[in-house]
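Participant: Predicted coordinates and the sequence they were generated for:
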Amino acid sequence: MAIAKRFIAGAICPRCAEMDRIRSWEQHGIRYRECVSCDFFEQLPIEDEAPSELETRVNRPREEQDRQDFQPVRILDPKGR
C-alpha cells in the first residue's frame, strides 16, 4: 500500500528556502517532512493531545465582561417626549 505524501501549501523549506516544496506524511506514529528541491528531511513524533491555544488579547475575556454588576440605562429624549 502506497503512503499518501501531501504537499504543504505555503510551507518554506528551512534549508533551501523554496516555497511549496515540502511534503508531509505519517507512518507508525511518526510525522515525516521532506523537501523535493533539496535533501532536507525531518521526523517529528505525533503528539496525542492538541497544543493549547496561546492566550492573546482576542481570546481572553475582558475584565468588563467578568463583572456582574449591571445597571439599566435610561435614555433621555432631548425634546421632552
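Facilitator: Nice, I can see it.

Participant: List the residues that contact the residue nearest in space to the middle of the chain.
Facilitator: Closest residue to the average C-alpha location of the chain: residue 53 at 8.0 Å, with Cα atoms, centre = their mean. Neighbouring residues of residue 53 by Cβ atoms under 8 Å, 6 or more residues apart in numbering: residue 59. C-betas here are computed from N, CA, C, even on glycine.

Participant: Kindly indicate whether it is helix, strand or coil.
Facilitator: coil (DSSP: H, G, I helix; E, B strand; the rest coil).

Participant: Now do it against residue 59, distance only.
Facilitator: Shown here: residue 53 relative to residue 59, a distance of 6 Å by Cβ to Cβ, to the nearest Å.

Participant: ok, now residue 69?
Facilitator: Distance, residue 69 to residue 59, by Cβ to Cβ: 24 Å.

Participant: and these two? which has more neighbours close in?
Facilitator: residue 59 (8 against 4; other Cβ atoms under 10 Å).

Participant: Quick one: residues contacting the more buried one.
Facilitator: Residue 59 is in contact with residue 53, counting by Cβ under 8 Å, 6+ apart.

Participant: End to end on stretch 56-70, go ahead and measure it.
Facilitator: Stretch 56-70 has an end-to-end distance of 26 Å (criterion: Cα to Cα, to the nearest Å).

Participant: Need the mean per-residue confidence for it.
Facilitator: Per-residue pLDDT over stretch 56-70 has a mean of 67.

Participant: Give me the below-cutoff pLDDT ranges for this protein.
Facilitator: For the chain, applying pLDDT under 70 flags the ranges 1, 48-51, 62-68, 80-81.

Participant: Strands of the protein, start to end?
Facilitator: 6-7, 22-27, 30-35, 41-45 (DSSP state E).

Participant: can you map out the helices along the protein?
Facilitator: 63-66 (DSSP state H).

Participant: So what pairs up with residue 6 in the strands?
Facilitator: residue 24 (DSSP bridges).
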